[in-house]
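1. With the sequence up front, the predicted model follows.
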Amino acid sequence: MTFIKPIGVFGLFISIAVCQGQTALVVQGIGGKSVTLSVADLSNLPQQIVKATDHGTPATFEGVLLTDVLAKVDLPLGEKFHSTGASYYLTVEAKDGYRAVFAWAELDSTFMDKAVYVVTKRDGKPLSDKDGPFQLVVPGEKRAARWVRQVTALRIRQSN
């Protein structure tokens with residue numbers, strides 16, 4: 001005979017969150033607004049093809065501009081943020097705890113034109129479990145330290 005111990009509502013919530021964390025991307029803007037996006041949600045955004053070299057190997061990635069993903073939440077843009085925009089930053093979080101940071105000025109097109117991508121495919125196939133389902137690709141960087149694999153969250157914050 002098998003006994004099943006009830007885990008309660010809280011335990012169920014944690015289980016669901018863990019499962020979602022593996023296939024969803026949390027995007028948090030300023031003012032507390034956040035959205036959770038799936039690979040299917042990203043497929044509804046304008047798709048981009050990016051040819052880049054990943055650790056010495058040429059690859060073709062498919063995904064979306066990071067700015068299109070971030071447009072789903074409130075951003076430090078416009079005249080209201082004219083004097084404070086440069087004090088914001090984006091933290092990229094990975095499943096394994098790895099984190100990378102972008103200064104907001106690197107991503108805001110009123111400061112500079114830098115294309116960063118959230119990709120879901122490499123060489124025509126979905127990303128491997130080791131890399132996906134979401135990966136950041138930052139063409140032109142000499143080191144791939146911000147090519148974050150297994151991205152789980154994007155959070156915009158202001159420095160103190």
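-> Thanks, I have the structure now.

2. can we go C-alpha only for contacts and neighbour counts from here?
-> Will do.

3. my guess is P126 meets P133, correct?
-> Yes: using CA atoms under 8 Å as the test, P126 is close enough to P133 to be in contact (7.4 Å).

4. which neighbours do those two share?
-> T120 (CA atoms under 8 Å, 6 or more residues apart in numbering).

5. These two: who's more crowded?
-> It is P133, of P126 and P133, that has more neighbours when counted by other CA atoms under 10 Å, with 23 against 17.

6. which SS state does that one fall under?
-> Classification of P133 using DSSP: H, G, I helix; E, B strand; the rest coil returns coil.

7. On the C-terminal side of the helix or strand of the chain with the lowest mean pLDDT, identify the next helix or strand.
-> Of all the helices and strands that make up the chain, helix 8-23 has the lowest average by mean pLDDT, DSSP states H and E, namely a mean of 41. Moving toward the C-terminus from helix 8-23, the next helix or strand (DSSP states H and E) is strand 24-28.

8. quick one: contacts of that following strand?
-> Under the criterion CA under 8 Å, 6+ apart, residues 34-39, 69-70, 72-73, 134, 151-156 lie in contact with strand 24-28.

9. Alpha carbons of it, as PDB, please.
-> As requested, the backbone C-alpha atoms of strand 24-28 are provided in PDB (Å, rounded to 0.1, in the frame of the first residue of the first chain):
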ATOM      1  CA  ALA A  24       9.300  30.600 -19.000                       C
ATOM      2  CA  LEU A  25      11.100  33.900 -18.900                       C
ATOM      3  CA  VAL A  26      10.100  36.500 -16.300                       C
ATOM      4  CA  VAL A  27      10.500  40.100 -17.400                       C
ATOM      5  CA  GLN A  28      10.300  42.700 -14.700                       C
END
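
10. Which residues in it does the neighbour count mark as buried?
-> Of the residues in strand 24-28, those buried under the neighbour-count criterion (16 or more other CA atoms under 10 Å) are 24-28.
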